[in-house]
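S.K.: please work out how this folds:
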Amino acid sequence: MTVVHPVSFESNDADNTLNQNVENTPAEATPAEPEGPTFGQLGLPQQLVTALERRGIHRPFAIQTSALPDALAGRDVLGKAATGSGKTLAFGLPLLARIGRDVKNGRRAPRGLVLVPTRELAQQVHDNLAPLGQATGVQLATVYGGAPMYRQIQQLRRGVDVVIATPGRLQDLINQGEATLAEVAVTVLDEADFMADLGFLPVVKELLDQTARDAQRLLFSATLDGEVDSLVRRYLKDPARHEVKRQGDDAPPAEHLAFTLAFRDKLQVATELASRPGRTIIFARTQLGVDRLAENLKAAGIKAEAIHGGLPQSARRRALEEFTDARSPVLVATDVAARGIHVDDVSLVLHYDPPADAKTYLHRSGRTARAGAGGVVVSLLLPDQVGQAKRRFRTAKVDPPLDRTRPGDRPILELIASGVAVEPKERTQRDMRRGGGGPGGRPRRDGDRPGGHRGGPRRSYGDRGPRSGGDRRFGGERAARPPRQGS
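M.R.: Predicted structure coming up:
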């Protein structure tokens, strides 16, 4: 069964409403209350309905309305939905409903498993679902590289119901005898296409082979071809297929602009745009480029943070906290390091360096215009980059006007004037003790690597892919090396 909802992404994402809780969103950017059935009418247990209502979520969004009935009925589900579509609750609610029916006390092996490509996404999913898990007595834990392994081992030894994990770290813990998937009844694969891009699917298959053949499987991906299709055919049994389309084919619901400029003007134009009120993410090609650009922006008096795989976990966490709370409203990032950044109310995405392909362009651009808010995507192009950029735009199905610009030109000034400031948020001592999460949680990073490992240390992949080095003991990145992100 295929269910297609031709709705815009501008009206979805209960996950972000629940999870990111990025405060001070302008009233005009708040998505309208969805119409249609209630969570209770879709068959969700009353405990979870009440927990959602306490968080101001009363009706499901498109992907949730589509997928929940089949998932709650125990069917395998194949969901085609991009980041920002509300899919975390689409798989999280049926997972909690099923596991919550038979919660065990004392030491217990996990019965629910959520596999994600990045540590940021692992933490985000946890922050989304943990408050709802409390309503049903379901205990959740995160397992990912770049964090102390002994703490994760302690959690597993105490007993958990659901593990949210990146593949490499989970495999390490299994090899050490600290985790088992023998009792897993529900498995979720989130952002399966990105796991394939990172080379994680061999590890994912090894993990899935350790779960029961009759376990329920929920797979969500923005694309379903190639390696993802082979995964679907091998592990999902007659899956119910659900897809949410966004208006304008696959293009993000954002305004797309492109400026050609001389190399000598590029930094100045970027600096002017970075001064625009509101949250801005700037993408640069290399880690060194990210660092240099962030330092230049700071020298110009702009509060900016850098994030890439070469930074230690603590630095990446701090950068994301500063950005999420709008104390530093500008984030400069590499492609991989930004994969797990799912923050609402990002009003501008700036392609300082052109992306490698149309898929990366769409991914970068998707950091804005989320949860019903508007957004602007700007590409800065040197003259010799224009031809390739036009081909990339055609493939991405966007048609931005291409204008010549210089610092201080009217289009730049109009963009700056259209920005809306976001009030910085200060974290309480309680938030800091919980690891920095605000009332609705916050995004974090990831660090994992594809490939198995038998009994010893493993590598964590950085922005450069499978050959990056990692902490040989705990599967995280070295402090002086790049990780990746998702985020």
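
S.K.: make it CA atoms for all contacts and neighbour counts henceforth
M.R.: Fine.

S.K.: hey, which helix or strand in the chain has the poorest pLDDT?
M.R.: Using mean pLDDT, DSSP states H and E, helix 14-19 stands out as the lowest-scoring helix or strand of the chain, at a mean of 35.

S.K.: point out the other helices and strands that the next helix-or-strand element following that one packs with.
M.R.: Counting by DSSP states H and E, the element after helix 14-19 in chain order, helix or strand, is helix 46-54. In terms of contacts (3 or more CA pairs under 8 Å, 6 or more residues apart in numbering; DSSP states H and E), helix 46-54 is packed against helix 119-136.

S.K.: just checking, what packs against the helix or strand following the helix it packs on?
M.R.: Sequence order places strand 140-143 as the next helix or strand after helix 119-136, per DSSP H and E. When contacts are defined as 3+ CA pairs under 8 Å, 6+ apart, strand 140-143 sits against helix 119-136, helix 149-158, strand 162-165.

S.K.: try 6 Å
M.R.: Here strand 140-143 touches strand 162-165, going by 3 or more CA pairs under 6 Å, 6 or more residues apart in numbering; DSSP states H and E.

S.K.: show residues contacting the helix or strand hosting Ile281.
M.R.: Per DSSP H and E, Ile281 falls inside strand 279-283. Applying CA atoms under 6 Å, 6 or more residues apart in numbering, the external contacts of strand 279-283 come out as 329-334, 346-352.

S.K.: out of the residues you listed, list just those in helices.
M.R.: Among these, no member falls in helices (DSSP state H).

S.K.: farthest-separated two in those?
M.R.: Thr334 and Ser347 (18.3 Å; CA to CA).

S.K.: please say which of the two ends up with more neighbours.
M.R.: A direct count of neighbours by other CA atoms under 10 Å for Thr334 and Ser347 places Thr334 higher, at 28 against 25.

S.K.: assign a three-state SS to the residue lying closest to Ile153 once chain neighbours are set aside, would you?
M.R.: In space, Ile153 comes closest to Glu178 once its chain neighbours are excluded; the distance is 6.4 Å by CA to CA, 6 or more residues apart in numbering. Of the three states, Glu178 takes coil under DSSP: H, G, I helix; E, B strand; the rest coil.

S.K.: give me phi/psi at Glu178?
M.R.: phi -100, psi -10 (degrees, to the nearest 10).

S.K.: that one: neighbouring residues, count only.
M.R.: By other CA under 10 Å, the residues close to Glu178 number 15.

S.K.: ok, so of the contacts of strand 279-283, who is nearest Phe194?
M.R.: Nearest to Phe194 among the contacts of strand 279-283 is Thr334, at 15.5 Å by CA to CA.

S.K.: contacts only, for that closest one.
M.R.: 283-285, 308.

S.K.: and Ser379, by the same measure?
M.R.: Ser379 neighbours (CA under 6 Å, 6+ apart): 258, 351.

S.K.: report pLDDT for it.
M.R.: Ser379 carries a pLDDT score of 97 in this model.

S.K.: same check on Thr180?
M.R.: Value listed for Thr180 in the pLDDT field: 95.

S.K.: how many residues are close by the closest residue to it other than its chain neighbours?
M.R.: Nearest non-adjacent residue to Thr180, counting by CA to CA, 6+ apart: Ile174, 5.9 Å away. Counted by other CA under 10 Å, the residues lying close to Ile174 total 16.

S.K.: what ranges does the stretch 151-300 of the chain have for its strands?
M.R.: Using DSSP state E, counting those that start in this stretch, the strands of the stretch 151-300 of the chain run over 162-165, 186-190, 216-221, 240-245, 255-260, 279-283.

S.K.: in terms of mean pLDDT, which of these ranks lowest?
M.R.: Looking at these, the bottom one is strand 240-245 with a mean of 85.

S.K.: what is the orientation angle of it with strand 216-221?
M.R.: 20 degrees (axes from the mean of the first three to the mean of the last three CA atoms, to 10 degrees).

S.K.: what pairs with strand 240-245, parallel or antiparallel?
M.R.: strand 2-6 (parallel), strand 77-80 (parallel) (DSSP bridges).

S.K.: which stretch in those has the least confidence?
M.R.: When the strands paired with strand 240-245 are compared by mean pLDDT, strand 2-6 comes last with a mean of 39.

S.K.: how about Val162: what's its closest non-neighbour residue?
M.R.: Nearest to Val162 is Gly112, by CA to CA, 6+ apart, at 4.3 Å.

S.K.: now swap in Arg98 and tell me
M.R.: Excluding the flanking residues, the one nearest Arg98 by CA to CA, 6+ apart is Leu72, at 7.6 Å.

S.K.: now the one you found: phi and psi?
M.R.: phi -70, psi -30.

S.K.: how many neighbours does it have?
M.R.: So Leu72, with other CA under 10 Å, has 21 neighbours.

S.K.: where does it land on pLDDT?
M.R.: pLDDT recorded at Leu72 is 96.

S.K.: kindly report the same for Leu293.
M.R.: At Leu293, the pLDDT value in this model is 98.

S.K.: count of neighbours near it?
M.R.: Neighbour count of Leu293, defined by other CA under 10 Å: 24.

S.K.: next one: Pro400
M.R.: Neighbours around Pro400, by other CA under 10 Å: 17.

S.K.: with Ser418 instead?
M.R.: 12.

S.K.: now do Asp214
M.R.: Neighbours of Asp214 (other CA under 10 Å): 13.

S.K.: before we move on, what about Asp197?
M.R.: 13.

S.K.: now do Pro148
M.R.: Pro148, neighbours per other CA under 10 Å, totals 14.

S.K.: and what of the one 10 residues further on?
M.R.: The number of residues packed near Arg158 is 12, by other CA under 10 Å.

S.K.: any idea of the pLDDT on it?
M.R.: pLDDT recorded at Arg158 is 91.

S.K.: same check on the one 3 residues further on?
M.R.: Asp161 carries a pLDDT value of 95.

S.K.: could you find the closest non-adjacent residue to it?
M.R.: Pro110 (4.4 Å).

S.K.: how about that neighbour, what does it touch?
M.R.: Residues near Pro110 by CA under 6 Å, 6+ apart: 160-162.

S.K.: go with 7 Å
M.R.: 160-163, 181, 183-184 (CA atoms under 7 Å, 6 or more residues apart in numbering).

S.K.: tell me how many other residues surround Ile416.
M.R.: 17.

S.K.: just confirm it is within a strand.
M.R.: No. Using three-state DSSP, the assignment for Ile416 is helix, not a strand.

S.K.: any low-confidence regions in the stretch 251-400 of the chain?
M.R.: Low-confidence segments of the stretch 251-400 of the chain (pLDDT under 70): 251-252, 336-341, 371-372.

S.K.: returning to what we had before: tell me how far the residue nearest to Arg98 lies from Arg108.
M.R.: 23 Å (CA to CA, to the nearest Å).

S.K.: how far out from the middle of the chain is stretch 167-176?
M.R.: In this view, stretch 167-176 has its centroid 22 Å away from the chain centroid, taken as CA atoms, centre = their mean, to the nearest Å.

S.K.: right, I mislabeled it, should have said stretch 309-318
M.R.: 17 Å.

S.K.: ends of that stretch, what's the gap?
M.R.: Note: stretch 309-318 ends 14 Å apart using CA to CA.
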